[in-house]
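Colleague: Coordinates for the following, if possible.
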Amino acid sequence: MSSGPDIDVLEQRLVAGDRAALARAITLVESRRPDHQLAARTLLSRLMPLTGRAQRIGITGVPGAGKSTTIERFGCDLIEAGYKVAVLAVDPSSGRHGGSILGDKTRMERLSVQPNAYIRPSPSGGALGGVARKTREAMLLCEAAGFDVVIVETVGVGQSETVVADMVDIFLAVLIPGGGDELQGIKKGLIELADLLVINKADADPAKAERSARDYRNALHILTPASPDWTPPVLTASGLTGMGLDVLWTQIQRHREIMTANGERAARRADQDARWMWAMVQDRLQEAFRTAPAVAALVPSLEAAVRAGEVPASAAADRLLNAFGLNT
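Modeller: Prediction:
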């Protein structure tokens, strides 16, 4: 796969919309083999002119919020409206428990069989930076393959929300009807990141859902919005029945129009790309450092000494850096 002709064929088939070629290309960027990584970088460099046209949507949600049901119904609605939809995932915990996105894919049975849909599990490995890199590159490949909407789903919790918010145009939080203590508990986490809030399962108790929406709108008033031109809307919806999902798409399109007109969408993507460049530099340097023979030879004994309290961490770090050729 690392040879030129294979990359040529893969590029041609992927650009033509071949789903098998897309899957193969994503597998290539997921591979840790150095020759595959080189081939993946070559492929991505060639495809860059075809990327950037999709609407990039990040979606997170509290446990039990019905996120997968909502994504499936929303994705099917978009496909019926003529869009091609890809769903990717960021799951930093997948290396520990096997990756719950596989369960999500099973639940998204209706969406997964659509010809104009593509659902990709996040690779396991446990390292958030590595998973994020693979998800970002998979997103670019989906765009080059002609997908109009790329949904990046957080499957894990915590830092994965920040990582996903930093690779999309608009970040959605799917919440459940409730208020009071629950509202206080998640306000500083999700709400500060979200560009749009969706109170799901509104079909079960519309009045309760609307009360929750009102509580969140009030909470947003005390926070400084990320953009002076956009106050995050709070919508009520039902992923089960589809109620409110048309309004959700209207708001996503409205966000795109406003952020495009004021230049913030382009600036957001430019900032994301610059941060991503430095993150990749850091990852590559760390990999080169860890795999350097002189460093690898010292790691077991030094780490054991640090764990035993025999050597200060700073002194151990100095010895490792010196072994790598950096004078500290």
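Colleague: going forward, measure contacts between C-alpha atoms and count neighbours the same way
Modeller: OK.
Colleague: any chance you could map the strands in the stretch 201-328 of the chain?
Modeller: For the stretch 201-328 of the chain, the strands defined by DSSP state E, counting those that start in this stretch occupy 234-236.
Colleague: Name the spans of it whose pLDDT lies under the cut-off.
Modeller: Where the stretch 201-328 of the chain drops to pLDDT under 70, the residues are 328.
Colleague: Name the nearest residue to residue 161, sequence neighbours excluded.
Modeller: Leaving aside its sequence neighbours, residue 161 sits nearest to residue 154 (C-alpha to C-alpha, 6 or more residues apart in numbering; 6.3 Å).
Colleague: In contact with that neighbour, which residues?
Modeller: Residue 154 is in contact with 58, 59, 60, 61, 89, 90, 91, 160, 161, 164, counting by C-alpha atoms under 8 Å, 6 or more residues apart in numbering.
Colleague: let's see 6 Å
Modeller: 60, 89, 90 (C-alpha atoms under 6 Å, 6 or more residues apart in numbering).
Colleague: now swap in residue 43 and tell me
Modeller: Contacts of residue 43 (C-alpha under 6 Å, 6+ apart): none.
Colleague: so which strand or helix has it?
Modeller: helix 34-47 (DSSP states H and E).
Colleague: Could you export that helix as PDB, CA atoms only?
Modeller: Taking Å, rounded to 0.1, in the frame of the first residue of the first chain, the C-alpha atoms of helix 34-47 are listed here in PDB:
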ATOM      1  CA  PRO A  34       6.000   4.000   9.300                       C
ATOM      2  CA  ASP A  35       5.500   3.200   5.600                       C
ATOM      3  CA  HIS A  36       1.700   3.400   6.000                       C
ATOM      4  CA  GLN A  37       2.000   6.700   7.800                       C
ATOM      5  CA  LEU A  38       4.200   8.100   5.000                       C
ATOM      6  CA  ALA A  39       1.700   6.800   2.400                       C
ATOM      7  CA  ALA A  40      -1.200   8.400   4.400                       C
ATOM      8  CA  ARG A  41       0.500  11.800   4.500                       C
ATOM      9  CA  THR A  42       1.100  11.600   0.700                       C
ATOM     10  CA  LEU A  43      -2.500  10.700   0.100                       C
ATOM     11  CA  LEU A  44      -3.800  13.500   2.400                       C
ATOM     12  CA  SER A  45      -1.600  16.000   0.800                       C
ATOM     13  CA  ARG A  46      -3.000  15.200  -2.600                       C
ATOM     14  CA  LEU A  47      -6.600  15.300  -1.400                       C
END
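Colleague: Against residue 55, how distant is the residue nearest to residue 161?
Modeller: When distance is defined by C-alpha to C-alpha, to the nearest Å, residue 154 is 17 Å away from residue 55.
Colleague: ok, longest helix in the chain?
Modeller: helix 264-291 (DSSP state H).
Colleague: Give me the distance between stretch 293-309 and the centre of its chain.
Modeller: Relative to its chain's centre, stretch 293-309 lies at 34 Å (C-alpha atoms, centre = their mean, to the nearest Å).
Colleague: quick one: contacts of stretch 45-56?
Modeller: Outside stretch 45-56, the residues that reach it (C-alpha under 6 Å, 6+ apart) are 140, 143, 144, 148, 149, 150, 168, 169.
Colleague: Dump these to JSON lines, plus pLDDT and neighbour count.
Modeller: Output for the contacts of stretch 45-56, formatted as JSON lines (pLDDT from 0 to 100; neighbours: other C-alpha atoms under 10 Å):
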{"residue": "140", "pLDDT": "96", "neighbour count": "22"}
{"residue": "143", "pLDDT": "97", "neighbour count": "26"}
{"residue": "144", "pLDDT": "97", "neighbour count": "26"}
{"residue": "148", "pLDDT": "96", "neighbour count": "21"}
{"residue": "149", "pLDDT": "98", "neighbour count": "23"}
{"residue": "150", "pLDDT": "97", "neighbour count": "26"}
{"residue": "168", "pLDDT": "96", "neighbour count": "22"}
{"residue": "169", "pLDDT": "97", "neighbour count": "22"}
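Colleague: Just the ones in strands from these, please.
Modeller: Filtering these for membership in strands, criterion DSSP state E, returns 149, 150.
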